[in-house]
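Enquirer: compute the structure for the input listed below.
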Amino acid sequence: MIKIIYIIILSYFILGGIGFYFINRKRDKAIARKSYTKFITYFFIIHLLFFSIVINPVYFNYLAITIVAAGVIELFRLYKKSTYKNTAFYLLSNIVFAASSIGFLYFSQLPKEMILFAFLILSIFDSFSQISGQLWGKTKLFPTISPNKTLGGLVGGTIMAIASGYLLKGLYESSVFNIVMLILGIVLFAFIGDIAASYFKRKYKVKDYSNLIPGHGGFLDRFDSLIAGGMWVAIYVQLIQL
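Expert: Residues are numbered from 1 along each chain as shown. Now for the predicted structure:
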């Protein structure tokens, strides 16, 4: 099963690479180079997270703790860089981030199959929403907060996530209704998490949280949707146990 899943992942990366080629072929060379750097870095990040889950989920739990710790530091760094402006907003943001992080850390301790299913669905949504948005996205959803978010990207990413749920259903054996609800929740929370992280950056007038990850920015630039999506899975697991 894992071998089949890995083949699916590689197939998606090939599709993504083709998509990036069409996106970048008419761009300025510097912009195209940055886009390819982002794609290659994302390839290694996905593999790191994927194998941390497959080999031993404890490793993924350690990575989750690292991501949360880095997020706390990045939030404070922007607050400090602004000379401690918007204190009430910063404190509220930390409360939201703390709640999301608790859910995410709980998610990182769930059974391997659930973690892997949710992680793959979220990664597929995240990557294909970017690709479909750049290829066909015209209607901007939040132009002042996150100008790259488009209706075409959201729809394209959601369709790919739901379709992939069928291919990956062996990881999470449940009713069609439960699988669709899990996927839609992951998509919704990931999208909201991304927008919330972007809003925090706009409030402090920066493009990225940091420059730690080539082509992506900081940890929150890359993992905001994973934290929020993981939070939904934690909530979902509790709901189905009621």
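Enquirer: what residues does the longest strand seen in the chain touch?
Expert: The single longest strand within the chain, with elements called by DSSP state E, is strand 146-150. Residues outside strand 146-150 that contact it (Cβ atoms under 8 Å, 6 or more residues apart in numbering) are 130, 133-134, 137-142, 191, 194-195, 198. Glycine gets a C-beta too; all of them are placed from N, C-alpha and C.
Enquirer: D221 against P214, yeah?
Expert: No - if you go by Cβ atoms under 8 Å, D221 and P214 don't touch, sitting 11.4 Å apart.
Enquirer: more crowded one of the two?
Expert: The residue with more neighbours, out of D221 and P214, is D221; 21 against 12, by other Cβ atoms under 10 Å.
Enquirer: show me where the chain has strands.
Expert: Listed in chain order, the strands of the chain (DSSP E) span residues 140-142, 146-150.
Enquirer: before we move on, the earlier item: now the longest strand of the chain, how far from the centre of its chain.
Expert: 15 Å (Cα atoms, centre = their mean, to the nearest Å).
Enquirer: tell me the buried residues in that strand?
Expert: Neighbour-count burial for strand 146-150 flags S146, N148, K149, T150 (criterion: 16 or more other Cβ atoms under 10 Å).
Enquirer: helices and strands of this protein: which one has the lowest mean pLDDT?
Expert: The weakest-scoring helix or strand in the chain, judged by mean pLDDT, DSSP states H and E, is helix 2-24 (a mean of 84).
Enquirer: where does pLDDT dip in this protein?
Expert: The model of the chain has pLDDT under 70 over residues 242.
Enquirer: which residue of it lies farthest from its centroid?
Expert: When distances are taken from the C-alpha mean of the chain, T83 lies farthest, 29.5 Å away, according to Cα atoms, centre = their mean.
Enquirer: need the phi and psi values for it.
Expert: Main-chain torsions, T83, degrees, to the nearest 10: phi 60, psi 40.
Enquirer: A197 versus that one, what's the distance?
Expert: Distance check for T83 against A197: by Cβ to Cβ, to the nearest Å, it reads 22 Å.
Enquirer: next: M160.
Expert: For M160 relative to A197 (Cβ to Cβ), the value is 22 Å.
Enquirer: quick one: which of those two has more around it?
Expert: Counted by other Cβ under 10 Å, M160 and A197 do not tie: A197 has more neighbours, with 26 against 20.
Enquirer: out of the strands of the chain, nearest to S52?
Expert: Among those, strand 146-150 comes nearest to S52, with 28.2 Å by Cβ to Cβ.
Enquirer: how about the CA coordinates for the closest one, as CSV?
Expert: Extracted C-alpha coordinates of strand 146-150, given in CSV (Å, rounded to 0.1, in the frame of the first residue of the first chain):
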residue,chain,number,x,y,z
SER,A,146,-3.5,37.1,0.0
PRO,A,147,-3.4,38.3,-3.7
ASN,A,148,-2.5,34.8,-5.0
LYS,A,149,-5.6,33.2,-3.7
THR,A,150,-8.1,32.7,-6.5
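Enquirer: got a list of contacts for the least confident helix or strand of the chain?
Expert: By Cβ under 8 Å, 6+ apart, the residues outside helix 2-24 that reach it are 31-32, 35-36, 39, 43, 46, 50, 54, 116, 120, 124, 127-128, 131-132, 134-135, 164, 167-168, 171.
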